[in-house]
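*Asks:* Return atomic coordinates for the entry below.
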Amino acid sequence: MLCRALLLLTMLTAPLLVCAEPKEVDWLDLLPAEDYQAMLDMPELDHGNGNGPDANGDFTTSLRQEDNKLPAVMYSTTVVAEMDQQQIKIGGYPVPIESDANGRYTQFFLVPYAGACIHVPPPPPNQIILVNYPAGMDLSDIYQPLWIEGVLRVSQTSNQLADASYELDADQVGLYDGP
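*Replies:* Model (predicted):
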């Protein structure tokens, strides 16, 4: 009788064990309301002429902000706490960090726009996600947007290249197919 009850309970709860589809989020979902408003109120930024030290796209300098003329929101590490531990899907552009022995990238930053640190000011830390992807992938074109799926965590990360306020362990990485 106990076995039948356990079997029935398992059959009734099995659909609940199926993982839910990741929630598709936008970069604005990662911005606290006060940072969003500060960005709306911000004056137009000078994007330079593409002749800076990273104009060749080799990331010899970093995503770190070094222009003290930028508004404080461009340095913000303030996060949306409710995003912690969420299964998400987000589109963005990769900035390579670490690769495996086969040259496949296993760690990279994901940023909301192409060319971060090459031709335009980098995004603030709360608009940079450190992505861990042990399966690795080819990142031969950093201007090709990606879809990333996985669990997002609020996690302040700092290395020579950038500061990030979020981290994501990717379950899936693929080419972006949206608008």
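*Asks:* Could you give me the buried positions within stretch 27-40?
*Replies:* Trp27, Asp29, Leu30, Leu31, Asp35, Ala38, Met39 (16 or more other CB atoms under 10 Å). In this view, the C-beta of every residue, glycine as well, is placed from N, C-alpha and C.
*Asks:* and those residues, which of them are in helices?
*Replies:* Asp35, Ala38, Met39 (DSSP state H).
*Asks:* how many neighbours does the nearest residue to Phe109 once chain neighbours are set aside have?
*Replies:* Leaving aside its chain neighbours, Phe109 sits nearest to Val95 (4.2 Å; criterion: CB to CB, 6 or more residues apart in numbering). The tally of other residues near Val95 (other CB atoms under 10 Å) stands at 25.
*Asks:* same check, this time on the one 4 residues further on
*Replies:* Here the count is done by other CB under 10 Å, and Ser99 has 16 residues near it.
*Asks:* still on that earlier bit, I'd like the ones in helices among the buried residues of stretch 27-40 as JSON lines, with pLDDT and distance to Tyr105 appended.
*Replies:* Listed next are those as JSON lines, based on pLDDT from 0 to 100; distance: CB to CB, whole Å:
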{"residue": "Asp35", "pLDDT": "95", "distance to Tyr105": "29"}
{"residue": "Ala38", "pLDDT": "93", "distance to Tyr105": "32"}
{"residue": "Met39", "pLDDT": "89", "distance to Tyr105": "29"}
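*Asks:* Can you tell me which of these is nearest Met83?
*Replies:* Asp35 (13.2 Å; CB to CB).
*Asks:* Make sure Met74 is indeed in a helix.
*Replies:* Yes - assessed with DSSP: H, G, I helix; E, B strand; the rest coil, Met74 lies in a helix.
*Asks:* residues in contact with it?
*Replies:* When contacts are counted by CB atoms under 8 Å, 6 or more residues apart in numbering, Met74 touches Met42, Gln65, Pro121, Pro123, Pro124.
*Asks:* Need phi/psi at the most centrally placed residue in the chain.
*Replies:* The centre of the chain sits closest to Ile129, judged by CA atoms, centre = their mean, with a distance of 3.0 Å. Per-residue torsions, Ile129: phi -120, psi 130 (degrees, to the nearest 10).
*Asks:* Surely it is in contact with Gly92?
*Replies:* Yes - assessed by CB atoms under 8 Å, Ile129 is found in contact with Gly92 at 7.2 Å.
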